[in-house]
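**Q** here is a sequence with its predicted model. Questions after.
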Amino acid sequence: MTLSAEDIAAAVDRLAEAIRAQTAGAPIALIGIRRRGDEVAERVLTRLAEDDRELSFGSLDISLYRDDFERLHENPKLLESDIPFPIEGAHVILVDDVLFTGRTIRAALDALSDYGRPAKVELAVLVDRGHRELPIQPDYTGITLSTQRPDHVLVCLEKADGLDQIRVIANESP
Amino acid sequence: MPHKDLLDIESLKREEIEHLLEQAIPFKDLFTRSVKKVPALKGKSVLMLFYEASTRTHSSFEVAAKRLSADVTNFDVAHSSITKGESVRETIETLQAMRSDFIIVRHSRSGLPATIAKLTRASVINAGDGAHAHPTQALLDAFTIKEKFPDPTGKRVLIVGDILHSRVARSTSTILKKIGVEVAYLGPGSLVPRTGPENIRRFTDYQAAMAWAPDVVYLLRVQMERQDVQYFPSLREYHRLYGVTDARLAEIRERGLYLMHPGPVNRGVELCDAVMDYERSLINDQVENGIAVRMAVLYWLKPGAVMG
């Protein structure tokens, strides 16, 4: 199955609309999880930019907080995190491209708490594909996909990959 | 391919060096956070095996390991059975039984870290062996230079002092050549090796070396404890001929050159007191960058990996 650039744009619209409806006028900070979550966050930010409110933007690399080092052949390449505002007391909306097991978000929450103590943290995802392994649920969802556990969901975004596309690739082998 | 050990600079490819230098940047960013620690190496153990005195390198590795949440054990060599005649091999077998993930070794004998690396599954990091190598010093020096010159190609670094006995000179000049920096040596004829890489200029006269127009002047520590023979008449004489005197500092400031030194400084020998206030001294940057670079190395090595 393949979703197009239009589907992605509509999903980002839905995210922005839902965030606007829930947080009306209050200052919020969007923090995208690198890499691709920050690109989704940037697009949501662009759509909220006309609102008369305080908007902050940051990006977070969670490599150092992963729980699967032992399983990796090579440790993931670190990217720079950039949170140019105080986390203390902020209303943070974490943004990621795909929500799957929830382990990335668990790592992101740990990373975030090392920067300070936010007043509130919510979660916005472009795609929720199910199969959680931790008690983590999104507050804002762009697209809900029904997938099998071994399937691969490939999200491509303009800046990171050169095009906007989401593909679900069935994986028969267990 | 991940490496198990870091023993010297020669065994690193240029892209591996660039990768490590790049990875040190996000680690350095952590230092400005209120929580400087990350859980990346949680549950891993790091054993510090220092047969030679070292305050800076030892504490730098210790801070790096702790900021990655690893557990650090100091194998106190002075109080260990080594002084009771236990061989290095027996010590390693004991250490192996402790199942450390990383062993950080400093020893006066060249090649000892490599020997240990062959005997253990742990990742071995050479923290200085004899006059052979000091790879993490080289990495932090390269990182410090790249902070000032993001594209260091063709920049010139003049390394001054006892080149012959210096593992810092050897490792640092190797890494600088690999990232495209031009290197020259300056020192007393007795302390500058005549053989070695051909693309390194050799000077014995300070003014001639300055005419080469370096961008960075890198002063080596005079290793008083390591010389059993006198290679130069006196420390005062050394300072007069090769040290950064007040007059030379004025010229260095005029030309806007950066100054580096691996520490600890013998004041009045390599450098005059006024250098401590020189705005282009990178000595403190080197200390801070050392922690970031060592974190990047610990994060990059894979204990148990097959040696390449």
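**A** The structure has been received and is ready for your questions. Numbering: from 1, shown residues only, chains lettered A, B, ... in the order given.

**Q** by residue count, what's the longest helix in chain A?
**A** Ordering each helix of chain A by length in residues (DSSP state H) puts helix A:5-23 first.

**Q** ok, the very next helix or strand once past that one near chain B or not?
**A** The helix or strand immediately downstream of helix A:5-23 is strand A:28-33, counting by DSSP states H and E. No: contact of strand A:28-33 with chain B (C-beta under 8 Å from any C-beta of the partner chain) is absent, the minimum separation being 14.4 Å. Every residue, glycine included, has its C-beta placed from N, CA and C.

**Q** gap between the lowest-mean-pLDDT helix or strand in chain B and the chain center?
**A** Lowest mean confidence among the helices and strands of chain B (mean pLDDT, DSSP states H and E): helix B:88-97, at a mean of 78. Computed by C-alpha atoms, centre = their mean, to the nearest Å, the chain-centroid distance of helix B:88-97 equals 26 Å.

**Q** for chain A, which residues are neighbours of chain B?
**A** A:61, A:63-65, A:69, A:73-75, A:77-81, A:110-111, A:114-116.

**Q** now the helices for chain A?
**A** Going by DSSP H, chain A shows helices at A:5-23, A:37-48, A:103-113, A:158-161.

**Q** surely B:Arg106 and B:Thr55 touch.
**A** No: the criterion here is C-beta atoms under 8 Å, and B:Arg106 misses it with B:Thr55 at 11.5 Å.

**Q** which one of the two has more residues nearby?
**A** Neighbours per residue (other C-beta atoms under 10 Å in any protein chain shown) separate B:Arg106 from B:Thr55, with B:Arg106 holding more: 24 against 10.

**Q** chain A contacts on chain B?
**A** Counting by C-beta under 8 Å from any C-beta, the residues of chain B that sit close to chain A are B:2, B:19, B:23, B:25-27, B:29, B:33-35, B:37-41, B:68, B:299-300, B:302.

**Q** need the nearest residue in space to the residue sitting nearest the centre point of chain A, chain neighbours excluded.
**A** In chain A, the residue lying closest to the centroid (C-alpha atoms, centre = their mean) is A:Asp96, at 0.9 Å. Nearest residue to A:Asp96 in three dimensions, chain neighbours excluded: A:Gly37, at 3.9 Å (C-beta to C-beta, 6 or more residues apart in numbering or on different chains).

**Q** just the strands in chain B please.
**A** B:45-50, B:71-74, B:102-107, B:123-129, B:156-160, B:182-186, B:201-203, B:216-219, B:258-260 (DSSP state E).

**Q** low-scoring pLDDT stretches of the stretch 101-250 of chain B, where are they?
**A** Counting by pLDDT under 70, the stretch 101-250 of chain B has low-confidence residues at B:197, B:225-230.

**Q** name the residue of it that lies nearest to chain A.
**A** B:Asp101 (11.0 Å; C-beta to the nearest C-beta).

**Q** wait, that residue touches B:Ala65, no?
**A** No: with contacts counted by C-beta under 8 Å, B:Asp101 stays clear of B:Ala65, the gap being 10.1 Å.

**Q** okay, and the common contacts of the two?
**A** Here B:Asp101 and B:Ala65 have B:41, B:46 as joint contacts, going by C-beta atoms under 8 Å, 6 or more residues apart in numbering or on different chains.

**Q** give me the more crowded residue out of these two.
**A** Using other C-beta under 10 Å as the criterion, B:Asp101 and B:Ala65 rank with B:Ala65 on top: 24 against 20.

**Q** and the more buried one, what does it touch?
**A** Going by C-beta under 8 Å, 6+ apart, B:Ala65 touches B:41, B:46, B:72, B:102, B:294, B:298.

**Q** any idea how many residues pack against the first one?
**A** What that stands for is B:Leu41. Using other C-beta under 10 Å, the number of residues around B:Leu41 comes to 24.
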